[in-house]
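*Asks:* let me see the structure of the following:
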Amino acid sequence: MTQSNAPSESLAHLSPQAPRNPAVTVPEHPQWPVLAAGEKAELIAHIRTLMAQQNAVLVAHYYTDGDLQALAEDSGGRVADSLEMARFGTETTAETLIVCGVRFMGETAKILNPEKRVLMPDLAATCSLDEGCPADAFSAFCDAHPDRKVVVYANTSAAVKARSDWVVTSSIALPVVEHLHTQGEKILWAPDKHLGRYVQRVTGADVLLWDGACVVHEEFKGFALERVRRLHPKAAVLVHPESPDEVVDQADVIGSTTQLIRAVVDRPEQEFIVATDAGIFWKMQQLAPGKKLIPAPTAGEGATCESCAHCPWMAMNALQNLAQVLERGDQEIHIPEDIRLRAVTPIQRMLDFARQA
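*Replies:* Next comes the predicted model:
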């Protein structure tokens with residue numbers, strides 16, 4: 001199993017000043033009508049025509065539906081994790097960015113590309129981490145700890161990013177915190193406590209945690225994963241660090257979505273138990289079609305229980321409402337300029353750091 005260089009005494013601790021926000025409401029998974037092959041082909045052709053007319057490009061997260069990922073790639077867009085999504089928006093010459101993912105991804109695209117129109121299939125597609133870290137409460141939390149560098153995960157609102165010193169994604173969190181730790185900085189981390197605790201264990205930094213969690217990754221069960229591992233003893237275990245400690249501790253690979261995808265391609269094992277959103281399987285299967293992917297269990301007592309690990313907000317993206325937003329243009333991201341200007345600095349700091357790493 002992958003080992004972290006955890007110090008003998010943990011320096012990651014939850015703050016009593018940052019209680020979990022109990023108001024987060026998880027939506028039901030939307031039930032989009034199943035399209036016949038001919039209907040789907042016709043709808044995709046319609047979307048491509050609208051995109052060409054509007055000089056639009058599509059960027060989709062790995063957790064969205066496979067049809068959207070395929071369309072993004074086939075139409076000159078990008079399928080990526082949140083770091084690469086942020087980079088892509090600044091590289092394309094398209095006048096309109098269509099972001100298939102969750103709202104903070106669309107906001108990040110707009111922060112970095114204020115001159116471009118940024119659309120999403122559904123602006124209500126948010127994130128439990130974002131919802132659980134309201135800007136006013138977070139600002140008060142920061143004010144109470146002025147001696148700490150504020151590092152926020154990308155899964156936060158533009159207003160929370162505007163209050164930060166650094167924005168990080170899961171793929172760059174470790175090197176950024178290691179960099180700050182070597183400079184003697186103490187860290188205030190938000191919002192995901194599991195990722196924050198993992199980062200602390202690896203870097204040894206002094207980390208004060210906001211008490212937040214992803215509703216998808218927090219449901220992975222350590223005891224059930226142990227049973228699945230016994231059924232598949234030759235399988236490598238791939239875990240996203242938003243997962244609980246008892247799941248992370250069983251991992252052969254701990255990493256971001258991109259890092260987990262690379263592991264399936266590069267590692268010699270033929271079976272993989274995957275503890276992250278099931279949307280990632282589309283890209284894994286595309287790049288490594290001969291390998292077996294096993295969902296890590298999220299519930300139940302049985303060792304073979306089926307995972308329900310799929311973000312309900314990511315599921316709000318579909319071909320149907322992608323076509324609608326291109327027809328109507330009514331799901332556009334807008335950010336107050338004062339917030340955008342404050343938020344762009346920590347995001348750009350991350351991008352500049354990534355180029356130099």
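
*Asks:* lowest mean pLDDT among the helices and strands, pick that one out for the chain.
*Replies:* None of the helices or strands of the chain scores lower by mean pLDDT, DSSP states H and E than strand 12-14, at a mean of 75.

*Asks:* the next helix or strand after it - contacts with which helices or strands?
*Replies:* Per DSSP states H and E, the first helix or strand lying C-terminal to strand 12-14 is helix 37-53. Where contact means 3 or more CB pairs under 8 Å, 6 or more residues apart in numbering; DSSP states H and E, helix 37-53 is packed against strand 56-61, helix 66-74, helix 319-328. For glycine as for every other residue, the C-beta is placed from the backbone atoms N, C-alpha and C.

*Asks:* buried residues in the last one, which are they?
*Replies:* In this case it means helix 319-328. The neighbour-count check on helix 319-328 (16 or more other CB atoms under 10 Å) flags L319, N321, L322, A323, V325, L326 as buried.

*Asks:* identify, from those, the entry nearest to I111.
*Replies:* V325 (19.7 Å; CB to CB).

*Asks:* doesn't I98 make contact with the closest one?
*Replies:* Yes - at 7.2 Å, V325 counts as touching I98 under the criterion of CB atoms under 8 Å.

*Asks:* export the helices and strands packed on helix 37-53 as CSV, with columns for distance to H194.
*Replies:* Formatted as CSV, the helices and strands packed on helix 37-53 follow (distance: least, CB to CB, whole Å):
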stretch, distance to H194
strand 56-61, 19
helix 66-74, 26
helix 319-328, 31
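
*Asks:* and the closest residue to T169 other than its chain neighbours, which of the three is it?
*Replies:* Among residues not flanking T169 along the chain, L83 sits closest, at 4.1 Å (CB to CB, 6 or more residues apart in numbering). For L83, the assignment made with DSSP: H, G, I helix; E, B strand; the rest coil gives helix.

*Asks:* any low-confidence regions in the stretch 201-350 of the chain?
*Replies:* Flagging of the stretch 201-350 of the chain using pLDDT under 70 yields the residue ranges 299-308.

*Asks:* distance check, I44 against E107.
*Replies:* Noted for I44: a distance of 27 Å to E107, by CB to CB, to the nearest Å.

*Asks:* more neighbours: which of these two?
*Replies:* Using other CB atoms under 10 Å as the criterion, I44 and E107 rank with E107 on top: 27 against 19.

*Asks:* rewinding a little: ok, which of the helices and strands packed on helix 37-53 comes nearest L174?
*Replies:* strand 56-61 (20.7 Å).

*Asks:* next, the angle from the closest one to helix 66-74.
*Replies:* 130 degrees (axes from the mean of the first three to the mean of the last three CA atoms, to 10 degrees).

*Asks:* doesn't V118 lie inside a strand?
*Replies:* Yes - V118: assigned to a strand according to three-state DSSP.

*Asks:* what's opposite it in the beta bridge?
*Replies:* L97 (DSSP bridges).

*Asks:* so it touches E332, yeah?
*Replies:* Yes - between V118 and E332 a contact is recorded at 6.6 Å, counting by CB under 8 Å.

*Asks:* ok, the two, which is more surrounded?
*Replies:* V118 (25 against 15).

*Asks:* for that one, give me its contacts.
*Replies:* G89, T96, L97, I98, V99, G106, A109, K110, E332, I333 (CB atoms under 8 Å, 6 or more residues apart in numbering).

*Asks:* got TSV for those, with distance to H61 too?
*Replies:* As requested, the contacts of V118 are arranged in TSV below (distance: CB to CB, whole Å):
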residue	distance to H61
G89	13
T96	18
L97	13
I98	12
V99	8
G106	11
A109	12
K110	16
E332	19
I333	15
